[in-house]
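In: Predicted model, plus sequence, below.
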Amino acid sequence: MTFQLKSEPNTYASEPILDSESVFNILITTDNHLGYSEKDPVRGNDSFITFEEILKEGKNSNYDFILQCGDLFHENKPSRRTMYNCISAIRKYCFGSTALKFELLNDSACNLSQEFGCVNFEDSNVKVGLPILAIHGNHDDPSGVDNLCAMDELSAAGLLTMFKKHDRLDKIEVSPVILQKGSTKIGLYGLGAIRDQRLNRMFQEHRVIFRPPDVDKVFNILILHQNRVKHGETNYIAETMLPDFIDLVIWGHEHEARRPEWNVVKNFFVLQPGSSVATSLSPGESVSKAVWSLQVNGLEHKLTSIPLQTVRPFLTMDINLDGVMKYEALIKKTIAEMLQKSKQLLTGSEAQPRKPLLRLRVQCSHDEEDRVNVLRIARNYSDDVANAIDLILIQRKRITEAATKSEWDVNIEVPQNVERRVEDIVQEYFAREPDDSRKLIVLSEKGMGSAVKEFVDKEERDIISRLVEHQLKKTQDYLYTDNKELNDSEIISSINDYRSQRSAQTSTELESLKMSQTSFRKRSSNFSDSEDNEPTVVSKPSKTTRGRGRGKVKRESVLSENKRKMKQPKLEFVPDDDDDDIIVCDSDPESQLSNSRWSTQSSSSRTQRSTRSRKL
């Protein structure tokens, strides 16, 4: 079965759709990235202008509802300006007294967030004329102690309805939201963004369960936000992993718009709508931006592409400087041609930005690269294009000893700096000193790197302190499980063994951070920098004590009353003068570790801390 191109342009249908009161009319959009480059004086309003066009199309064309497939916002914590523009647009186009022509058949609590007992379009206190049903993406994903995201705020305010978040690490269950209009019933399955490696592994281990509808003759739609293109062995989701009772898969996250495709293995259609704003200067972003109209009548459907009229024109082009003497003249000539072609992308809409986005990729050898003065050339076009600073991208030819064909290095941005991952920088910091003076003992470099990434990307200001605090407690509990007293060397050996056990797990540090945040909300102590299946010790809460500075350790133990009377090794978290976190191990008041890697404090201060610890 394949899509047939109908007489109308950009229209694909499985069967003819009859105009009747049973036809669902759904507007599909994804990856709006509200707030992208909002501080750019030229491109700052692009995402807002196009988002308003989408909502206006939904209202004027009388759609039943809008399906938003993730990344509504570009930042995890949108600015006030971004939130204001988003709320204003939704209030303007989605609120009103228009009566809805469909109804909810099953319990909405199965897969929809409802802070006040019902979804917003069934709330008598809110007049919703055009509902928005949305999932979160990877840019606006939940974070923090309460695992909230920006769309939770919109959902709580009654502005949209968000599909439930799936924060369990052991199993994911997705149930349908069943809507009915006349005789047509549709089942909506919403699955927000989950780290691709994790979700891929859970699919392979059969820990992702899709519940079939409990009614007959339902057209099933799955909305997800994952990598569709393979970026590694597990860094994507294969279409064959999805359930075969699905009729249509709407794939968010991928910004390149692709026409509907038929999967011959699973017997369902896959639609990749693409983003509504260009967030990179890659060729995939230069494909015409559009939203899609979905009509469903019974078990038949029809998809129609609706080109967006307010998207900034974007063109890419490649040139090769091999054998070219007057390279600057060639570059300028090519840019002039691109400027001329960009005028053909103007739609006539008054709201469409006029200055185009251009990306000229120049391929040259290492010697030729030195001749190309990118800044001097780009400066001439600051009044003509929206991105003069990164108009030209140099792709340098890779030189090998026995080169038999041309190979090109990509992503050499000029004049921008090379991007580096936060996790890599943290790992380099701890590995910089050969004498192990910065080596982590209780924590791991991966765990600290993941915590720093959360701190930088999502502004989770207490993520590092909570990670240190909890992992220290878990290490203490591990040491307390021994029935015998430990001397200094045995303490160090046990800690290293415990750290090795955690490092041997297959899951990543960031995954365990997410798991720990979820458990923290349930008031359990499951916060760890280790792995998903890290060995844990059941413990009882006890009194707490404070170390000096910003260190704070909760002390717990599973020892019986008799074992509590025995001398146990104590661990205390103490910041040193250089703001590097260190661990002090005390076996008794007279026995202190003299290794500078463990303690740089005076003997008297260590004795005082040891005395305080024994008062627990």
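Out: It's in.
In: burial measure for the nearest residue to Ile464 once chain neighbours are set aside, as a count.
Out: Once flanking residues are discounted, Ile464 sits nearest to Ala451: 4.7 Å by C-beta to C-beta, 6 or more residues apart in numbering. Just so you know, the C-beta spots here come from the backbone N, C-alpha and C atoms, and that holds for glycine as well. By other C-beta atoms under 10 Å, the residues close to Ala451 number 25.
In: quick one: buried residues of whatever helix or strand Ala451 lives in?
Out: In this assignment (DSSP states H and E), Ala451 forms part of helix 445-458. With burial defined by 16 or more other C-beta atoms under 10 Å, the residues of helix 445-458 counted as buried are 445-455, 458.
In: And stretch 88-106, by the same measure?
Out: Applying 16+ other C-beta under 10 Å to stretch 88-106 flags 89-90, 93-95, 100, 102, 104-106 as buried.
In: what comes into contact with it?
Out: 21, 24, 48, 51-52, 55-56, 58-59, 64-66, 119, 121-122, 126-132, 154, 159-160, 176-181, 185, 214-215 (C-beta atoms under 8 Å, 6 or more residues apart in numbering).
In: Pull the helix or strand containing Ile66 out as CSV, backbone CA atoms only.
Out: Taking DSSP H and E as the criterion, Ile66 maps to strand 65-68. Backbone C-alpha positions of strand 65-68 (Å, rounded to 0.1, in the frame of the first residue of the first chain) are rendered in CSV as follows:
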residue,chain,number,x,y,z
PHE,A,65,-7.4,20.4,17.3
ILE,A,66,-3.6,20.9,16.9
LEU,A,67,-1.1,18.1,17.4
GLN,A,68,2.3,19.5,18.5
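In: And the helices in the stretch 51-200 of the chain, which stretches?
Out: Taking DSSP state H, counting those that start in this stretch as the criterion, the stretch 51-200 of the chain carries its helices at 80-94, 150-156, 196-204.
In: mean confidence for the longest one?
Out: Meaning helix 80-94. Mean pLDDT, helix 80-94: 97.
In: How about the shortest one?
Out: When the per-residue pLDDT values of helix 150-156 are averaged, the result is 93.
In: Run the chain-centre distance for it.
Out: Relative to its parent chain, helix 150-156 has a centroid offset of 17 Å by C-alpha atoms, centre = their mean, to the nearest Å.
In: May I see the buried residues of that helix?
Out: Applying 16+ other C-beta under 10 Å to helix 150-156 flags 150-152, 154-155 as buried.
In: Separate out the buried members of the contacts of stretch 88-106.
Out: Looks like the contacts of stretch 88-106 have 24, 48, 51-52, 55, 58-59, 64-66, 119, 121-122, 128-132, 154, 159-160, 176-181, 185 buried, using 16+ other C-beta under 10 Å.
In: Show me the residues you listed that map onto strands.
Out: Counted as lying in strands by DSSP state E, out of those, are 24, 65-66, 132, 177-181, 185.
In: what's the closest non-adjacent residue to Gln352?
Out: Counting by C-beta to C-beta, 6+ apart, the residue nearest Gln352 is Thr310, at 4.8 Å.
In: Pull out the C-alpha coordinates of the helix ranked longest in the chain and format them as CSV.
Out: Ranked by residue count and defined by DSSP state H, the top helix of the chain is helix 463-480. This file holds the C-alpha atoms of helix 463-480, laid out as CSV (Å, rounded to 0.1, in the frame of the first residue of the first chain):
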residue,chain,number,x,y,z
ILE,A,463,22.1,19.2,41.1
ILE,A,464,25.8,18.9,42.0
SER,A,465,25.4,19.2,45.7
ARG,A,466,22.6,16.7,45.8
LEU,A,467,24.7,14.3,43.7
VAL,A,468,27.7,14.6,46.1
GLU,A,469,25.5,14.3,49.2
HIS,A,470,23.7,11.2,48.2
GLN,A,471,26.6,9.3,46.7
LEU,A,472,28.6,10.0,49.8
LYS,A,473,25.7,8.5,51.9
LYS,A,474,25.5,5.4,49.6
THR,A,475,29.3,4.9,50.0
GLN,A,476,29.0,5.1,53.7
ASP,A,477,26.2,2.5,53.7
TYR,A,478,28.3,0.2,51.6
LEU,A,479,31.1,0.4,54.1
TYR,A,480,28.7,-0.1,57.1
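In: Which SSE is immediately downstream of it?
Out: helix 488-503.
In: how big is the angle separating that next one from helix 463-480?
Out: 120 degrees (axes from the mean of the first three to the mean of the last three C-alpha atoms, to 10 degrees).
In: Alpha carbons of helix 488-503, as PDB, please.
Out: Taking Å, rounded to 0.1, in the frame of the first residue of the first chain, the C-alpha atoms of helix 488-503 are listed here in PDB:
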ATOM      1  CA  ASP A 488      42.600   3.100  56.700                       C
ATOM      2  CA  SER A 489      43.900   1.000  53.800                       C
ATOM      3  CA  GLU A 490      40.800  -1.300  53.900                       C
ATOM      4  CA  ILE A 491      38.500   1.700  53.700                       C
ATOM      5  CA  ILE A 492      40.200   3.000  50.600                       C
ATOM      6  CA  SER A 493      40.200  -0.400  49.000                       C
ATOM      7  CA  SER A 494      36.500  -0.900  49.800                       C
ATOM      8  CA  ILE A 495      35.600   2.500  48.300                       C
ATOM      9  CA  ASN A 496      37.600   1.700  45.100                       C
ATOM     10  CA  ASP A 497      35.800  -1.700  44.900                       C
ATOM     11  CA  TYR A 498      32.400   0.000  45.200                       C
ATOM     12  CA  ARG A 499      33.300   2.600  42.600                       C
ATOM     13  CA  SER A 500      34.400  -0.200  40.200                       C
ATOM     14  CA  GLN A 501      31.100  -2.000  40.700                       C
ATOM     15  CA  ARG A 502      29.200   1.100  39.600                       C
ATOM     16  CA  SER A 503      31.500   1.800  36.700                       C
END
